[in-house]
Structures are given as C-alpha cells and as structure tokens.
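Colleague: only geometry, no sequence info:
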C-alpha cells in the first residue's frame, strides 16, 4: 500500500512569492492534515480537510490556505512568503472513521531566500 | 505552559541498552496517545497508538500511559543503531494532534 506522497521534495522561493505544495493521501483516506515543522518549534497544526471541506485551521495567518480535491488529494498554498515560512511542511492522512491515527508523508522542505 | 512537554534530550546510549522516553501533558481532554519516529529528512512514522491507561507492547517497543499523572512513556528494549532517530510524542483530542518537541536518540554501536 502506497503511503502519503508529497511533492515537490524541496522548494526554493524568494520573499513575496507564492508556493504551492501537494499531497496525495493513502488510498481510502478521506482526511488530510497539514503541519509545519520549523526548527526549534516542533510540529504545528495548520489545516484539516475532510471530504473536500476545510474543517479547521491552526493559528496561522490567512495567507496559508489550501483545498482538497474530489480524489482527496490536497494542496497547500502559501502567499506573500516570508523568511520565517522556511520549514518542513508535512501532510498526514487518516480514514474518516473516528480517531484513526494520522500517517505522514516525508514532507516538502520550503526554503525562503 | 505548553500542552505537551518532553523530558530533556538528546539521548546517547550504547547498543543493547533500554531507551526510556517520557512526555507529560496538561490537557486532561487528550484521549489518544501516540509515539512517532522521525529519521533525518523523513516524515514521522507511527510507532505506537494507545487509548487507555496501561502498557502496550509491540516487539521491542512498549508504550505506557498514566492518565491520572498525565504522563506517557516509550521504552525501547535491546536498542539498535537503526533506532537512532528523533522520537515524538503526540496526543489527540478530537481532530487535533498536539506534539512534544521530540527527543533525538543516538544508539552507539
């Protein structure tokens, strides 16, 4: 069974640009979660999508947004990039049933120059 | 106060030793408790997933949950160099996972 896949592996941008990160969940999983893992800050919850709808978001500004497609894949968009957005962005998926564990992809490393 | 605190690290142990990792938490609403292992340049990999207080074993790994003390532990028996990684505790209430900061473990051959 294929795991959660994320692309690209590494993305280099400059301040003010926009970044788009992509995630394909495990087959059969309908929920997708996005996390930011910045140095020294641990994993911080960004967004949760389920059945195509945004269900909740963490304490991040509106320039972090995303969507979930009918095939349950997801994309995270970060607008007006700032230096402190440099981090590993992790996507996780879980099945829609209650309290199933989240399984993570290997992330996209976003570097802002 | 952070929701999840982990014992100070990093840890360096000789091969074959028992590794002991701990996290405490403040939110009594947490219902599910997890340990993830993260190798360098990889995403977190689910190791253990528990709900109730008590012990859960899986091979060389034992997860322990004490809800009354708000304390969880992970023990790795007969540690191997391949166990060298960062270990993250995570706790779940509703949809949200709250993570500890992670402890880097090095097992010396």
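Modeller: Cool, got the structure. Bear in mind the structure is a predicted one, so any value in this text is a computation, not a measurement. Residues are numbered from 1 along each chain as shown, chains lettered A, B, ... in the order given.

Colleague: Can you give the distance from stretch B:31-40 to the centre of its chain?
Modeller: Its chain's average C-alpha position is 6 Å from that of stretch B:31-40, according to CA atoms, centre = their mean, to the nearest Å.

Colleague: tell me which residues in that stretch are buried?
Modeller: Using 16 or more other CB atoms under 10 Å in any protein chain shown as the test for burial, stretch B:31-40 gives B:32, B:33, B:34, B:35, B:36, B:37, B:38. In short, each C-beta sits where N, CA and C put it, glycine included.

Colleague: Tell me what residue A:103 is bridged to.
Modeller: Residue A:103 forms beta bridges with residue A:93, as assigned by DSSP bridges.

Colleague: circling back: considering only the buried residues of stretch B:31-40, which also neighbour chain A?
Modeller: By CB under 8 Å from any CB of the partner chain, the members of the buried residues of stretch B:31-40 lying near chain A are B:32, B:34, B:36.

Colleague: Sort out for me which of the residues you listed are in helices.
Modeller: For these, not one is inside helices, with DSSP state H as the criterion.

Colleague: Make CSV out of those residues and add pLDDT.
Modeller: Below are these laid out as CSV (pLDDT from 0 to 100):
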residue, pLDDT
B:32, 91
B:34, 94
B:36, 96
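
Colleague: Mark which of the residues you listed are part of strands, please.
Modeller: Taking DSSP state E as the definition of strands, those contribute B:32, B:34, B:36.

Colleague: Is it correct that the last one is in contact with residue A:104?
Modeller: Yes: in this structure, residue B:36 sits in contact with residue A:104. The criterion is CB atoms under 8 Å, and the distance is 7.5 Å.
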